[in-house]
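Q: Here is a sequence together with a model predicted from it:
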Amino acid sequence: MSIFSLDFAQSLETQEKQSESKLRQSLVYKPDDFEVWLELIKEVEKYSSPEKNKSIYQEFLEEFPQYYPVWRKLAEAYNALEDYEMVACTYEEGLKYLPVSVDLWLHYCIWKASRGPQEEARSLYQEAVTACGKVYNSSILWDKYLDFEKSLKNYKNMERVFSALMTFPTNKLYEYYTRFKNFLDQFGREILDYQTPEEYDQARKLKLEEIISNYEKAVIENNKRKPFEQSIKRSNFNPKPVDQEQLVNWRKYCEFEENEGDDLRIKLLYERCIVALCYYDEFWIRYARYLEKTQGAETAREVYQRGNRQFLFRKPYLFISQGYFEELHGNTEEAKKLYKHVYEKVAPGLLNAILKHINLERRNSNFTEVENLYQKALEVAENEGKPETIALIASHYGRFYQNIMKNPNKAIEVFESALEKAPGEKSLYLILVNAYKNSNRTQEITNVYEKAIWSTELPQRAKVEFWVGYIDFVRSTCEDKEKLREAEENFRLNFHHEDLLIEEFKKASGIKRMQRSATYEYPEPIKQQQLI
């Protein structure tokens, strides 16, 4: 029996190790797979080893430092190891990433109250409510703070906490109002300053008037924000996308707070927003722009750096936004580093970042670097086998030679080279035709049209459009009647009897044919004409 039990235990441990190994292998290929990380944590926790737990929590937090439950788990792992200094350090470190996390502050305060001196615990509670006490759903933290003071029978501090709660909106505003009045009835004689019964009555009356006045103002502010708060379905980090309704609600809420103009409330809301919608770079950018407007570029830069270094280090677009921000503030070298970091490391070959870098170099008249970067972008597009991207880059590259370098021949070389690599891209034919027209190169225009209309790469509809353009071009420029007749004959032979021509050609050429009406009586002069 004991041998069987031992074998079973060893078999179970082997299975757990295999499961862990399989999950870790998945993370090699996709290190930011949130769900796999959570499954891995569950597997490791089966060992019931605080050391192993601590290790996996640390690994997880390197990838997802915005996920508060694992900060709490890491603190609990250190607590199980009786390393109380590291418990405090863990909470402090977590709060650097999540400065307005009500839940993280709450568990830190509870732990501190269970171990530390009363004054240290009280100081931490005060620090917590200062940091996140005006978050709409922070009532759980305030409740624990009140319970803490009540357990110490410190009624004066309770009165101060209740008074603070009457000055801003919370999800339990009415409940605190009612509790405050009951508290005043029960402990008024212990917290109010008076000498005689008459003075007590007067002091109580004044206190009630103050409570009611503050409460009424808070209710007005509460009613403004309640619809936004009730529409928020996710307040903690999750990598899954939210629906459009949620995005619109957050946008409108941010706009509302900015219009209200309370700097503390605006920053609190943005801090909440960039956790719940961490992977939506638009909110990071909005936050940075608000801070740039109110506190200057350096504070805005801190937001960009915080987002890119701590949370979105595997995402390219906030780096690109910071690059543009740095360029606007004259930090050209930093902007270059950011763009290069994106297309070399974060998202190798990302054309958006390359094009941003190109435009930066162009604005600084570094034309040799512009040419090098365009060549690099074309190589990336060619290696990826994306003809539509080749066409897009070539159009930008050619216009650079046309408009900036005033070298139309070089532009034509770019377009011709791109067309060889992407012969199925309609836009390249059109661009090349226009480039030749600007240079009055009639024969080359004819060649491009003929290449398009006989192409095996272009769809039939596109070829019809090129036939229309070709016939129009030949009619308006060709002096050789035989060549004109040949072009029109080829057109009839290839398209005249196809159903596609009937509609597509009419639309493209603007031909409209009137049908004779059997019921409508035309005026006599018109009747004399042959209408078809």
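A: The structure has been received and is ready for your questions. Numbers count the residues shown, from 1 in each chain.
Q: switch to C-alpha atoms for all contacts and neighbour counts from now on
A: Fine.
Q: Skipping adjacent residues, who's closest to the residue most central in space within the chain in space?
A: Nearest to the geometric centre of the chain sits residue 280, at 1.9 Å (CA atoms, centre = their mean). If the residues on either side of it in the chain are set aside, residue 280 comes closest to residue 274, at 7.8 Å by CA to CA, 6 or more residues apart in numbering.
Q: Does the one you found touch residue 283 like I think?
A: Yes: counting by CA atoms under 8 Å, residue 274 does reach residue 283; the two are 6.4 Å apart.
Q: out of these two, which sits in the more crowded spot?
A: Neighbour count, other CA atoms under 10 Å: between residue 274 and residue 283, residue 274 has more, with 24 against 21.
Q: how near is the more buried one to residue 281?
A: 8 Å (CA to CA, to the nearest Å).
Q: Please apply the same query to residue 98.
A: Residue 98 sits at a distance of 17 Å from residue 281 (criterion: CA to CA).
Q: what do you get for residue 489?
A: Counting by CA to CA, the gap from residue 489 to residue 281 is 58 Å.
Q: Counting by contacts, list what the particular helix or strand that has residue 434 in it packs against.
A: In the assignment (DSSP states H and E), residue 434 maps to helix 426-438. For helix 426-438, the packing partners by 3 or more CA pairs under 8 Å, 6 or more residues apart in numbering; DSSP states H and E come out as helix 387-399, helix 408-421, helix 442-453.
Q: which one of those helices is the most hemmed in?
A: Of these, the one with the most neighbours on average (mean count of other CA atoms under 10 Å) is helix 387-399, at a mean of 21.
Q: Next, report how far that helix is displaced from the centre of its chain.
A: In terms of CA atoms, centre = their mean, to the nearest Å, the centre of helix 387-399 is found 27 Å from the chain centre.
Q: can you list contacts of that helix?
A: Residues outside helix 387-399 that contact it (CA atoms under 8 Å, 6 or more residues apart in numbering): 371, 374, 377-378, 381-382, 410-412, 414-415, 418-419, 421-422, 424-425, 427-428, 431.
Q: And the pLDDT for residue 439?
A: If you check residue 439, the pLDDT there is 79.
Q: Neighbours of it, how many?
A: 13.
Q: sorry, back to before: check the contact lists of residue 274 and residue 281 and give me the overlap.
A: With CA under 8 Å, 6+ apart, residue 274 and residue 281 have no common neighbours.
Q: Which residues outside whichever helix or strand residue 121 is part of are in contact with it?
A: Take DSSP H and E as the rule and residue 121 turns out to sit in helix 118-132. With CA under 8 Å, 6+ apart as the test, helix 118-132 has contacts from 99-102, 105-106, 109, 112-113, 138, 141-142, 145, 268.
Q: Run the chain-centre distance for that helix.
A: 33 Å.
Q: What ranges does the stretch 251-400 of the chain have for its helices?
A: For the stretch 251-400 of the chain, the helices defined by DSSP state H, counting those that start in this stretch occupy 263-276, 281-295, 297-306, 317-328, 332-341, 351-363, 367-384, 387-399.
Q: how about the ones you listed in CSV, adding mean pLDDT and distance to residue 464?
A: Below are the helices of the stretch 251-400 of the chain laid out as CSV (pLDDT from 0 to 100; distance: least, CA to CA, whole Å):
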stretch, mean pLDDT, distance to residue 464
helix 263-276, 96, 51
helix 281-295, 97, 43
helix 297-306, 97, 50
helix 317-328, 96, 40
helix 332-341, 96, 42
helix 351-363, 94, 32
helix 367-384, 92, 28
helix 387-399, 93, 20
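Q: Adding distance to residue 230 as columns, could you present those in a markdown table?
A: Converted to a markdown table, the helices of the stretch 251-400 of the chain look like this (distance: least, CA to CA, whole Å):
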| stretch | distance to residue 230 |
| --- | --- |
| helix 263-276 | 14 |
| helix 281-295 | 20 |
| helix 297-306 | 27 |
| helix 317-328 | 29 |
| helix 332-341 | 39 |
| helix 351-363 | 38 |
| helix 367-384 | 46 |
| helix 387-399 | 44 |
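Q: which one of those lies closest to residue 454?
A: helix 387-399 (19.1 Å; CA to CA).
Q: CA atoms of the closest one as CSV?
A: C-alpha atoms of helix 387-399 as CSV (Å, rounded to 0.1, in the frame of the first residue of the first chain):
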residue,chain,number,x,y,z
PRO,A,387,2.4,43.7,-53.4
GLU,A,388,-0.1,46.2,-52.0
THR,A,389,2.6,47.4,-49.5
ILE,A,390,5.2,47.6,-52.3
ALA,A,391,2.9,49.8,-54.2
LEU,A,392,2.2,52.1,-51.2
ILE,A,393,5.9,52.5,-50.4
ALA,A,394,6.9,53.0,-54.0
SER,A,395,4.2,55.8,-54.4
HIS,A,396,5.7,57.6,-51.4
TYR,A,397,9.3,57.0,-52.6
GLY,A,398,8.6,58.2,-56.1
ARG,A,399,6.8,61.3,-54.9
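Q: Name the surrounding residues that touch the helix holding residue 434.
A: By CA under 8 Å, 6+ apart, the residues outside helix 426-438 that reach it are 391, 395, 408, 411-412, 415-416, 418-419, 442, 444-445, 448-449, 452, 458, 462.
Q: got it, and stretch 161-174?
A: 134-139, 142, 146, 176-177, 180, 211, 214-215, 217-219, 221-222, 225.
Q: give me that answer again for 6 Å
A: With contacts defined as CA atoms under 6 Å, 6 or more residues apart in numbering, stretch 161-174 is touched by 136-137, 214-215, 218, 222.
Q: Show me which residues of that stretch are buried.
A: 161-163, 165-171, 173 (16 or more other CA atoms under 10 Å).
Q: any weak-confidence spans in this structure?
A: The model of the chain has pLDDT under 70 over residues 1-16, 478-480, 492-532.
Q: which parts of the top helix by length along it are buried?
A: The residue-count maximum for a helix in the chain (DSSP state H) belongs to helix 197-231. For helix 197-231, a neighbour-count test (16+ other CA under 10 Å) marks 200, 203-204, 207, 211, 214-215, 218-219, 222, 225, 228-229 as buried.
Q: Likewise for stretch 309-318?
A: Residues of stretch 309-318 classed as buried by neighbour count (16+ other CA under 10 Å): 310-318.
Q: With distance to residue 22 as added columns, please give the residues you listed in TSV.
A: Below are the buried residues of stretch 309-318 laid out as TSV (distance: CA to CA, whole Å):
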residue	distance to residue 22
310	27
311	26
312	26
313	25
314	23
315	25
316	29
317	31
318	32
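Q: out of those residues, what pair is the most spread apart?
A: Among the buried residues of stretch 309-318, the pair separated by the greatest distance (CA to CA) is 310 and 317, at 14.4 Å.
Q: Could you count how many residues lie near residue 21?
A: 14.
Q: Repeat that for residue 424.
A: Using other CA under 10 Å, residue 424 has 20 neighbouring residues.
Q: correct me, but it touches residue 458?
A: Yes: between residue 424 and residue 458 there is a contact at 4.9 Å, judged by CA atoms under 6 Å.
Q: For residue 272, see how far away the residue nearest to residue 258 when sequence neighbours are not counted is.
A: Nearest non-adjacent residue to residue 258, counting by CA to CA, 6+ apart: residue 266, 6.1 Å away. Here residue 266 is placed at a distance of 10 Å from residue 272 (CA to CA).
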